[in-house]
Every structure is written in structure tokens, then in C-alpha cells.
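Asks: task: produce atomic coordinates for the following.
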Amino acid sequence: MKASTDRMLTRIKSIYLFINENGTTTTSQLVEEFGITSRTVQRDLNVLEYNNLVESPSRGTWAPIKKKQRAG
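Replies: Now for the predicted structure:
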């Protein structure tokens, strides 16, 4: 895997873990936390949203999607 791809995947995973731990987060918080541009944050969030890991309940905010628990 290319180094740039590895960095991107690591960053996306870190963003997902941050949102999962902190709950609803703004794009601005992610820019500040990770020291990347808002455009890069948006691209990464689009990947997470496409994979049903986060959702945007309102413009500029992001929240983790809670996994449904299967009845045991």
C-alpha cells in the first residue's frame, strides 16, 4: 500500500474514533484537533458517511451511527 494511502486510512480511522468517543462533533473541532484543512476533513467524513459509520444530524455536525444490537 502506498504511504499516502496508509496515512489517509490512519487519519480517517482516527477521526472516526474521535467522533465515536466524543459524540456529536463539528467539522471545525475536527480541523482544530487534527490540524488539517476543512476540505480534507470533509473528504474523510464523506468516506465515513458512505460506510454508514457517521451521520450529519445538522449542517456542520457529525455523530456516530449507533450499531443495532442483535437479540441474543
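
Asks: shaky segments in this structure?
Replies: Residue ranges of the chain with pLDDT under 70: 68-72.

Asks: ranges for the strands of it?
Replies: For the chain, applying DSSP state E gives strands covering 25-26, 54-55, 61-64.

Asks: what sits up against the first one?
Replies: In this case it means strand 25-26. For strand 25-26, contacts defined as CB atoms under 8 Å, 6 or more residues apart in numbering pick out 18, 19, 60, 61, 62, 63. Where you see a C-beta, it was placed from the backbone N, CA and C, and this is true even at glycine.

Asks: change it to 6 Å
Replies: 19, 60, 61, 62 (CB atoms under 6 Å, 6 or more residues apart in numbering).

Asks: I figured the second one hits residue 28, correct?
Replies: It refers to residue 60. No - at 7.4 Å, residue 60 does not count as touching residue 28 under the criterion of CB atoms under 6 Å.

Asks: show me where this protein has helices.
Replies: Along the chain, the stretches classed as helices by DSSP state H are 3-22, 27-34, 38-50.

Asks: do you know which of the strands of the chain lies nearest residue 35?
Replies: Comparison of these against residue 35 by CB to CB identifies strand 25-26 as nearest, at 15.3 Å.

Asks: neighbouring strands - and their directions - for that closest one?
Replies: strand 61-64 (antiparallel) (DSSP bridges).

Asks: can you give me the buried ones in the strand it pairs with?
Replies: Of all the residues in strand 61-64, those buried under the rule 16 or more other CB atoms under 10 Å are 62, 63, 64.

Asks: output it in CSV with nothing but the alpha carbons.
Replies: Only the C-alpha atoms of strand 61-64 are listed here, as CSV (Å, rounded to 0.1, in the frame of the first residue of the first chain):
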residue,chain,number,x,y,z
THR,A,61,-22.1,18.5,12.8
TRP,A,62,-21.3,14.8,12.8
ALA,A,63,-22.3,12.0,15.1
PRO,A,64,-21.5,8.3,15.2
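
Asks: around residue 26, how many other residues sit close by?
Replies: Using other CB atoms under 10 Å, residue 26 has 14 neighbouring residues.

Asks: distance of it relative to residue 40?
Replies: Separation of residue 26 from residue 40 (CB to CB, to the nearest Å) stands at 15 Å.
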